[in-house]
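Enquirer: give me a model of this one.
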Amino acid sequence: MSKTKFIIAFALIATAAFAMTLEEAIARAIEANSEMVMAKYDADATHLDVKSAFTGFLPRITADASYTRLDEVPVIVMPEEFAAFMPEGGIAMGDDDNYNVTLGVQQPIFMGGKIYYGYKAARAGAEIEKFNYNSTCNSVATDVAGAFFGVVKAELFRNSMLDARERMDAHQRVIEAMYEQGLISRNDLLKTRVASSEIDLMLIQSDNAVNAARLGLNFLLNYPSDSIIALDPDTTVAETPLPNLRDGIESAMIYRPDIRMMESAVDAANAGVAISRGLFLPDIVGVFNYSYQRPDRANEPEFYDSWNATIAASWSLLSWGDRVFGIRKAKLLKRGAQEGSDMIKRAAEMEIRNNLNSLREITQRLEVSRTKLEQTEEGYRVAHAEFGTGLVTNTDVLDANSALIQAQSEYISAVADFKVAQIKYEVATGKSFKE
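Expert: Numbering: from 1, shown residues only. As a prediction, the model looks like this:
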């Protein structure tokens with residue numbers, strides 16, 4: 001079976017039902033993969049943190065209500081010499097039933113930048129989670145590509161083994177007939193049966209490989225484990241020049257989500273330093289209260305309203321170094337974030353170089369395996385034809401068949417690995433699979 005027949009055989013399987021392309025598999029994983037769902041929850045949660053931080057700029061409105069029942073109303077009793085001028089029993093200072101309803105408004109006026117930089121830190125945190133979500137998308141896409149072509153590789157290898165089974169059955173029938181006629185030795189017969197059994201074993205192994213590969217893909221796509229998804233892979237391999245290393249690195253510095261995530265972490269650390277410095281400044285707030293209460297100012301059992309307005313300042317003058325230590329800690333965290341940003345950029349460049357080298361190696365391996373497959377196909381054809389004329393032995397035919405199986409396996413692996421290597425390189429240079 002030639003490499004062209006491999007692709008056709010798999011396409012026929014794929015069209016038996018709805019066939020999923022790699023792009024559709026990645027889209028499904030981004031929507032339903034458990035890791036993606038958790039990352040989305042985290043990203044959505046940090047957006048709520050931003051909204052919560054913004055409320056710090058807005059006034060706080062409070063409402064309080066109370067009712068108090070006194071067992072005995074306080075009274076003022078004057079000395080006896082003034083008793084003639086006082087009501088009997090003294091002057092009551094209140095009422096048995098006391099009601100109070102207060103509506104208060106508190107507006108921050110100056111908080112040393114803590115609210116503003118707290119809001120900036122929250123926004124940076126939301127950016128971190130957004131880029132983390134994008135990075136998870138790319139990671140999952142890479143995993144899906146590996147699992148997708150893992151299934152393709154296993155399916156194609158099983159197809160090649162079925163083809164090998166057909167070749168071996170045809171050859172074994174010839175060998176059995178020749179043995180019955182006394183044209184070959186028992187050793188040749190046994191050698192053929194052993195080779196046939198080995199193919200049977202490889203068929204079982206290929207079936208297990210298909211099942212294992214499908215389990216992995218189903219897990220990533222969040223499908224039931226026993227789901228059988230028909231795949232529609234692009235197994236064409238065009239001869240294109242290798243990507244430019246410098247262009248890939250420049251693209252990564254701009255678009256890679258993990259790099260941008262660390263840049264946002266530096267922004268969050270800068271905001272943390274500003275918040276720590278703001279602790280040295282006073283807090284100034286404006287307060288307005290409106291009350292509706294009973295008894296009134298004349299201690300009559302009547303409701304009346306009142307209001308008051310206050311501007312209050314609070315300034316911590318001595319904290320025994322607590323704020324200084326806070327600033328030092330914030331600066332250390334900032335330096336750590338900057339170092340992390342530099343490190344991730346160096347790691348990205350290293351990853352791009354390694355992926356490009358792998359792509360170069362796999363491209364060469366693909367060419368070698370393609371040539372080897374053509375040679376072994378021709379070798380088996382010649383050996384099979386010449387066996388009938390007695391020019392080659394049974395061993396030569398079995399060896400040619402084994403070489404063909406090996407070449408088919410290598411070519412299948414090279415095609416699948418090439419496709420995955422392309423995606424890994426694209427992800428390393430900043431391609432986003434997020435819709």
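
Enquirer: once you drop chain neighbours, what's closest to the most centrally placed residue in the chain?
Expert: The structure's the chain has its C-alpha centroid closest to T136; by Cα atoms, centre = their mean the separation is 2.0 Å. Leaving aside its chain neighbours, T136 sits nearest to A39 (4.3 Å; criterion: Cβ to Cβ, 6 or more residues apart in numbering). Yep, even glycine has a C-beta here, placed from its N, CA and C like the rest.

Enquirer: which ones are touching the one you found?
Expert: A39 makes contacts with 129, 132-133, 136-137, as judged by Cβ atoms under 8 Å, 6 or more residues apart in numbering.

Enquirer: format those residues as TSV; extra columns: secondary structure, distance to H47 and pLDDT.
Expert: Listed next are the contacts of A39 as TSV, based on DSSP: H, G, I helix; E, B strand; the rest coil; distance: Cβ to Cβ, whole Å; pLDDT from 0 to 100:
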residue	secondary structure	distance to H47	pLDDT
E129	helix	8	94
N132	helix	13	94
Y133	helix	11	94
T136	helix	16	94
C137	helix	17	94
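
Enquirer: list the contacts of the spatially closest residue to G94 that is not a sequence neighbour.
Expert: Spatial nearest neighbour of G94, chain neighbours left out: V73 (5.2 Å); criterion: Cβ to Cβ, 6+ apart. With Cβ under 8 Å, 6+ apart as the criterion, the residues that contact V73 are 92-96.

Enquirer: for V73, helix, strand, or coil?
Expert: Recorded secondary structure, V73: coil (DSSP: H, G, I helix; E, B strand; the rest coil).

Enquirer: how near is it to A268?
Expert: 59 Å (Cβ to Cβ, to the nearest Å).

Enquirer: what segments of the stretch 101-250 of the chain are helices?
Expert: Listed in chain order, the helices of the stretch 101-250 of the chain (DSSP state H, counting those that start in this stretch) span 114-180, 186-221, 245-255.

Enquirer: would you mind finding the most buried of those helices?
Expert: Of the helices of the stretch 101-250 of the chain, the one with the most neighbours on average (mean count of other Cβ atoms under 10 Å) is helix 114-180, at a mean of 20.

Enquirer: which strands and helices sit next to that one?
Expert: If contacts are counted by 3 or more Cβ pairs under 8 Å, 6 or more residues apart in numbering; DSSP states H and E, helix 114-180 sits against helix 3-14, helix 22-32, helix 34-54, helix 186-221, strand 230-231, helix 257-278, helix 322-387, helix 394-428.

Enquirer: what's the spacing between the fourth one and its chain's center?
Expert: So the one you mean is helix 186-221. Averaging C-alpha positions (Cα atoms, centre = their mean, to the nearest Å) puts helix 186-221 35 Å from its chain's average.

Enquirer: show me what that helix is packed up against.
Expert: helix 22-32, helix 114-180, helix 394-428.

Enquirer: got the contact list for the first one?
Expert: Counting contacts by Cβ under 8 Å, 6+ apart, the residues outside helix 22-32 that touch it are 20, 36, 137, 140-141, 143-145, 148-149, 217, 220-222, 231, 233-234, 419, 433-435.

Enquirer: if you set the cut-off to 7 Å instead, what comes out?
Expert: With contact meaning Cβ atoms under 7 Å, 6 or more residues apart in numbering, helix 22-32 is reached by 36, 137, 140-141, 144-145, 148, 220-222, 233-234, 433-435.

Enquirer: hmm, which helix or strand of the chain has the shakiest average pLDDT?
Expert: helix 3-14 (a mean of 45; mean pLDDT, DSSP states H and E).

Enquirer: any low-confidence regions in the stretch 51-200 of the chain?
Expert: For the stretch 51-200 of the chain, applying pLDDT under 70 flags the ranges 76-91.

Enquirer: could you redo the last one with a cut-off of 80?
Expert: 74-94 (pLDDT under 80).

Enquirer: got a list of what Y304 touches?
Expert: 293, 296-297.

Enquirer: of those residues, closest to P241?
Expert: Q293 (84.3 Å; Cβ to Cβ).

Enquirer: wasn't that closest one part of a strand?
Expert: Yes - the assignment for Q293 is a strand, going by three-state DSSP.

Enquirer: gap between it and A126?
Expert: From Q293 to A126 the distance is 44 Å (Cβ to Cβ).

Enquirer: same check on G112?
Expert: According to Cβ to Cβ, G112 stands 23 Å off from A126.

Enquirer: contacting residues for the residue nearest to R165 when sequence neighbours are not counted?
Expert: With Cβ to Cβ, 6+ apart as the criterion, R165 has its nearest non-adjacent residue at 5.6 Å, and that residue is I199. The neighbours of I199, taking Cβ under 7 Å, 6+ apart as the test, are 161, 164-165, 168.

Enquirer: kindly report the same for S225.
Expert: 215, 218.

Enquirer: what does stretch 176-196 contact?
Expert: 168, 171-172, 175, 394-395, 398.

Enquirer: what's the mean pLDDT across stretch 203-212?
Expert: The average pLDDT within stretch 203-212 is 95.
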